[in-house]
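Engineer: 3D, please:
(chains A and B)
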Amino acid sequence: MRRVVVTGMGIVSSIGNSQVEVLGALREGRSGLEFVPEMRELNFRCQVAGRVKGLEPKIAAVGKRTLQTMSDAARYAAAATLEAMEEAKLERQMLQSDKAGVVVGGSFGGINEVTKAEQLLRQHRSPSRLGITGTVKIMRSTAAGNLAAWLGVQGRAYAICSSSCSGTDNIGHAYELIARGVLDLCICGAAEESCWKQIGAFFDNWRGMPFSWNDRPAKACRPYDRDREGTVFSEGAGILILEEREHARRRGVVPYAEIVGYGVANDGWHMFEPSGEGLSECLRQALVQARAHGVERIDYVNSHGTGTKLHDALEARVIKEVFGPLAPFVSSTKGLTGHGMGAAGAQEAVFTLLMLRHDFIAPTTNLEHIASDCEGIAHVQQVMERPLASVASFNAGLGGTNACLVFRKL
Amino acid sequence: MSVDTKVKDILLEILDIKEEDIVPTATFIDDLGATSIDLVEIFTAFENTFNVRIDSQAGGKVKTVQDAIDLVQAALTQKGAAS
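Structural biologist: As a prediction, this is how the structure comes out:
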């Protein structure tokens, strides 16, 4: 199997729309969560969400013609891709090859275009009010398709959709394609646009969203905390440029990390409740692969840590069981950012790589009192400056999905 | 806001053009670079902005900016007569 390196990354999130902005937010604990008046107007119990702000200048750089077929999800992916390509010194003509690919997914595609289309149709009783571009804005592969069309990518271009593991799985799949020799270069990751109106409604009913912190939105998402009440919806995109190591070297680009493990396993159990078996298996797979690359120890794990009662406790138990005495430091960044849904895994891969590169660990924001059912792992509650050599990021999703990536510093 | 101004705003929103490009005699395809997708989006925007129904046959005859303004005016007049 060939070696796969990271040469660029880009981010759009509630805590910032560039590596520099996000780095500052992670270090300083600047929350991306805010009170959303419309949630109150619509009688949600939870009235807090994470929102992307100030992206307009970056979006404009994509170009009006290209933006025409993009909903917010694809726009977030495009903006993040621009940052990643700049860092990787990747020019458009390098992508116009059947050895270059785009594997960028998410959970819901252009979901707000769906809502808009049906509203317009029912209001005016005329399809002519809907135009044409909704088709490609809505489809789950909207980000991948738009990126491929815009950049001229002629290799594989598609989206993987695995609930909250989508980001991790899109990156993991791109890694496998390059390792196997199918591709030499891949833009990968995930994007998700705001979906609290549609999907958040179901979470609110499921009591999966916090309701006691509407007047203190920055405190609402509290992974592993005694007073956690659920997760907060967020949005954005995370994009990595992955390359075969020699391909990067020939281009004269110095990569800063290598993917050394990708574990995936389903619980095969329940659509809502995790069993822990799939998570345990995917972590073990990733660690075995990392060991084969000479990585014996993981210094830090960015966990899924959504702030929900059941899932946080289960993760803490599985982390304890899998890592045993080689316990890494653990934190969840969702306390700061909220849950980026299908984009979360890709955004968190970017956050984790930033920590790896800059040798620090961002804490689990709002972890003020570790819940008794989440004890026994090395929670990080304050920013920790320490050298990092290898890190992991894992996610778990509805439908029993679980996925883990391991990176090592180069 | 006049029909002319709203039509101009729609064209600026959808097409990759400058304000000075929008003259009455400018043709959508050759002068303003509109694609077939752009044209559908433009007529959709006319319907939604002015709350009128644009006849697709009449729309097919539109070549210039002035043709488009005249089409919207006609649709507004028809709507006024019907109500």
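Engineer: A:Leu120: how many residues sit nearby?
Structural biologist: A:Leu120 is flanked by 20 other residues according to other CB atoms under 10 Å in any protein chain shown. Bear in mind the C-beta positions are built from the backbone N, C-alpha and C, glycine included.
Engineer: so it makes contact with B:Glu47?
Structural biologist: No. Counting by CB atoms under 8 Å, B:Glu47 is not a contact partner of A:Leu120; they are 9.7 Å apart.
Engineer: could you tell me which residues touch both of those two?
Structural biologist: Counting by CB atoms under 8 Å, 6 or more residues apart in numbering or on different chains, the contacts common to A:Leu120 and B:Glu47 are A:Arg129.
Engineer: so which residue of chain A comes closest to chain B?
Structural biologist: Proximity of chain A to chain B (CB to the nearest CB) peaks at A:Gly131, 3.8 Å away.
Engineer: once you drop chain neighbours, what's closest to that residue?
Structural biologist: B:Thr44 (3.8 Å; CB to CB, 6 or more residues apart in numbering or on different chains).
Engineer: now do that neighbour against B:Ala75, distance only.
Structural biologist: B:Thr44 sits 13 Å away from B:Ala75, taking CB to CB, to the nearest Å as the criterion.
Engineer: likewise for A:Ser194?
Structural biologist: A:Ser194 is 34 Å from B:Ala75, by CB to CB.
Engineer: same check, this time on A:Arg357
Structural biologist: 58 Å.
Engineer: what of A:Gly189?
Structural biologist: 45 Å.
Engineer: who has more neighbours, the two?
Structural biologist: Counted by other CB under 10 Å, A:Gly189 and B:Ala75 do not tie: A:Gly189 has more neighbours, with 37 against 21.
Engineer: how near is that one to A:Glu83?
Structural biologist: For A:Gly189, the distance to A:Glu83 - CB to CB - is 11 Å.
Engineer: which residues do the two both contact?
Structural biologist: Common contacts of A:Gly189 and A:Glu83 (CB under 8 Å, 6+ apart): A:Ile239.
Engineer: remind me which residues of chain A are low pLDDT?
Structural biologist: For chain A, applying pLDDT under 70 flags no range at all.
Engineer: got the residues of it near chain B?
Structural biologist: A:63-65, A:68-69, A:120, A:124, A:126, A:128-133 (CB under 8 Å from any CB of the partner chain).
Engineer: can we see that at 7 Å?
Structural biologist: A:64-65, A:126, A:128-133 (CB under 7 Å from any CB of the partner chain).
Engineer: ChimeraX command for the buried members of those?
Structural biologist: Per 16 or more other CB atoms under 10 Å in any protein chain shown, the buried members of these correspond to this ChimeraX selection:
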select /A:128,129,130,131,132,133
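Engineer: could the residues of chain A next to chain B be laid out in CSV, adding distance to A:Ser31 and secondary structure?
Structural biologist: CSV is the format used below for the residues of chain A next to chain B (distance: CB to CB, whole Å; DSSP: H, G, I helix; E, B strand; the rest coil):
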residue, distance to A:Ser31, secondary structure
A:Lys64, 33, helix
A:Arg65, 36, helix
A:Ser126, 44, coil
A:Ser128, 44, helix
A:Arg129, 39, helix
A:Leu130, 37, coil
A:Gly131, 37, coil
A:Ile132, 39, coil
A:Thr133, 34, coil
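Engineer: just curious, which of the residues of chain A next to chain B is nearest to B:Pro24?
Structural biologist: A:Lys64 (22.8 Å; CB to CB).
Engineer: need the contact list for the closest one.
Structural biologist: B:Asp16 (CB atoms under 7 Å, 6 or more residues apart in numbering or on different chains).
Engineer: kindly tell me how buried the residue nearest to A:Ser303 when sequence neighbours are not counted is, as a neighbour count.
Structural biologist: Nearest residue to A:Ser303, sequence neighbours excluded (CB to CB, 6+ apart): A:Ser332, at 4.9 Å. Residues lying near A:Ser332 (other CB under 10 Å) number 30.
Engineer: A:Ser332 and A:Pro223 touch, don't they?
Structural biologist: Yes. With contact defined as CB atoms under 7 Å, A:Ser332 counts as touching A:Pro223 (4.0 Å).
Engineer: where do the contact lists of the two overlap?
Structural biologist: Common contacts of A:Ser332 and A:Pro223 (CB under 7 Å, 6+ apart): A:305, A:364.
Engineer: low pLDDT regions in chain B?
Structural biologist: In chain B, residues with pLDDT under 70: B:83.
Engineer: what parts of it come near chain A?
Structural biologist: B:16, B:37, B:40-41, B:44, B:47-48, B:53.
Engineer: now with 10 Å?
Structural biologist: For chain B, the residues in contact with chain A (CB under 10 Å from any CB of the partner chain) are B:12-17, B:33, B:35-45, B:47-48, B:51, B:53-56, B:59.
Engineer: please, a PyMOL command that selects the buried ones among these?
Structural biologist: Buried residues within these, by 16+ other CB under 10 Å, are selected in PyMOL with:
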select buried, chain B and resi 14+15+16+17+37+38+39+40+41+42+43+44+45+47+48+53+54+59
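Engineer: which one of the residues of chain A next to chain B is nearest to A:Ala362?
Structural biologist: Once CB to CB is applied, the member of those that ends up nearest A:Ala362 is A:Lys64, at 36.5 Å.
Engineer: need the contact list for the closest residue to chain A within chain B.
Structural biologist: When scored by CB to the nearest CB, chain B has B:Thr44 as its residue closest to chain A, at 3.8 Å. B:Thr44 makes contacts with A:120, A:127-134, B:10, B:14, B:54, as judged by CB atoms under 10 Å, 6 or more residues apart in numbering or on different chains.
Engineer: which SSE is it in?
Structural biologist: helix B:36-50 (DSSP states H and E).
Engineer: quick check: next helix or strand after that helix?
Structural biologist: Remark: after helix B:36-50, the chain's next helix or strand is helix B:56-60, criterion DSSP H and E.
Engineer: export that following helix as CSV, just CAs?
Structural biologist: Provided in CSV are the C-alpha atoms of helix B:56-60 (Å, rounded to 0.1, in the frame of the first residue of the first chain):
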residue,chain,number,x,y,z
SER,B,56,-43.1,30.0,-22.1
GLN,B,57,-43.8,30.7,-25.8
ALA,B,58,-43.6,34.4,-25.3
GLY,B,59,-40.5,33.9,-23.2
GLY,B,60,-38.9,32.0,-26.1
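Engineer: mind giving me the packing neighbours of that helix?
Structural biologist: Here helix B:56-60 touches helix B:36-50, helix B:65-82, going by 3 or more CB pairs under 10 Å, 6 or more residues apart in numbering or on different chains; DSSP states H and E.
Engineer: can you pull out the residues in contact with it?
Structural biologist: By CB under 10 Å, 6+ apart, the residues outside helix B:56-60 that reach it are A:128, B:39-40, B:42-43, B:46-47, B:67-68, B:70-71, B:74-75.
Engineer: tell me the one of these nearest A:Ile59?
Structural biologist: Checking the contacts of helix B:56-60 one by one against A:Ile59 (CB to CB), the nearest turns out to be B:Ile42, at 21.3 Å.
Engineer: which ones are touching that closest one?
Structural biologist: By CB under 10 Å, 6+ apart, the neighbours of B:Ile42 are A:131, B:7, B:10-11, B:13-15, B:28, B:32, B:34, B:54, B:59, B:62, B:68.
Engineer: what's the answer for B:Ile14, then?
Structural biologist: A:64, A:68, A:131, B:32, B:34, B:37-39, B:41-42, B:44-45.
Engineer: what two of these are the furthest from one another?
Structural biologist: So, the contacts of B:Ile14 by CB to CB: farthest apart are A:Gly131 and B:Leu32, at 17.7 Å.
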